[in-house]
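In: Test case, fold it:
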Amino acid sequence: MSSTQIAVPYSESPQKIVCVLGMHRSGTSCLTGSMQVAGLELGDHSTWNPHNLKGNRENQHIVDINDAVLEANGAAWDSPAESVIWPEAQLDAARALFREYAQFDKFGFKDPRTLLTIGGWQSLFPQMQYIGIFRHPMVVAQSLHNRSELPLETGLSLWLQYNRRLLREYRKQPFPILCFDEPQDIFQEKLRKALNALGLTAGEDTFYEQQLKSAQGGEGTPLPWNIRRLYRKLQRLAE
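Out: Residues are numbered from 1 along each chain as shown. Modelled structure (predicted):
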């Protein structure tokens with residue numbers, strides 16, 4: 001089935017859809033909250049959890065769709081498949097969900113799993129726009145260890161798999177990419193420009209708080225060459 005056959009008509013989805021792309025524990029929640037402050041609707045979303053005091057800003061319905069797609073392909077968020085095929089039931093679920101949000105002019109969502117399932121979303125909503133974010137590999141691995149007790153080596157491997165996909169998507173269709181490691185003032189300035197580029201209004205109110213960076217340190221830890229090289233590539237894109 002071609003993408004034009006399964007694409008959702010514009011009248012049955014929000015006029016503007018912005019998808020946040022990024023690895024778990026990489027600042028995606030902060031970025032999504034910032035976009036919400038700038039006028040993006042998120043629908044039904046999380047505003048608190050033990051590992052993120054301001055909520056991960058995820059729409060559980062979208063997380064459920066992504067989990068079901070991954071499970072149908074023998075994969076999971078911590079066990080990615082090289083490629084996935086969307087079952088018809090999940091395509092229908094996504095169509096129905098976004099039909100509920102068609103009233104919103106500007107709608108957005110984030111779920112790090114989307115980097116693993118993005119093909120289906122792109123087929124359904126080819127007009128979708130993106131913004132990406134990444135963070136130092138060892139900080140992400142340490143944060144995953146703190147949250148999910150994943151070995152650091154596993155966290156680094158996942159960082160590589162997710163961020164390779166992030167770079168691949170950028171190369172297909174460039175979009176703003178932010179680095180969550182940047183000092184707060186620099187991050188905020190780049191964020192403001194990115195939001196404006198997406199047609200959102202970045203005002204004086206901010207979502208960012210330093211305490212959102214619960215995992216710190218590790219930046220000086222030696223990294224495998226392929227992870228180090230990818231991190232540098234992403235840093236150049238965020239300059």
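In: Kindly indicate whether residue 81 is helix, strand or coil.
Out: Put simply, residue 81 is coil when judged by DSSP: H, G, I helix; E, B strand; the rest coil.
In: So which elements touch the helix of greatest length in the chain?
Out: Using DSSP state H, we find that the single longest helix of the chain is helix 152-172. Using 3 or more CB pairs under 8 Å, 6 or more residues apart in numbering; DSSP states H and E, the elements in contact with helix 152-172 are strand 16-22, helix 114-124, strand 129-134, helix 137-148, helix 225-237. Using the backbone N, CA and C atoms, a C-beta is placed for each residue, glycine as well.
In: you'd agree residue 108 is in a strand?
Out: Yes. Counting by three-state DSSP, residue 108 is part of a strand.
In: circling back: would you list the helices and strands packed on helix 152-172 in CSV and tack on distance to residue 96?
Out: Converted to CSV, those look like this (distance: least, CB to CB, whole Å):
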stretch, distance to residue 96
strand 16-22, 15
helix 114-124, 11
strand 129-134, 22
helix 137-148, 31
helix 225-237, 35
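In: which stretch in the ones you listed has the least confidence?
Out: Of all the helices and strands packed on helix 152-172, the minimum mean pLDDT falls on helix 137-148 (a mean of 93).
In: if we can go back for a sec, which one, of the helices and strands packed on helix 152-172, ends up nearest to residue 8?
Out: Of all those, it is helix 114-124 that lies closest to residue 8, at 5.2 Å by CB to CB.
In: And the contacts of the closest one?
Out: 3, 6-8, 19, 21-23, 62, 66, 69-70, 75, 77, 80-81, 83-84, 86, 90-91, 94-95, 98, 128, 162, 165-166, 169 (CB atoms under 8 Å, 6 or more residues apart in numbering).
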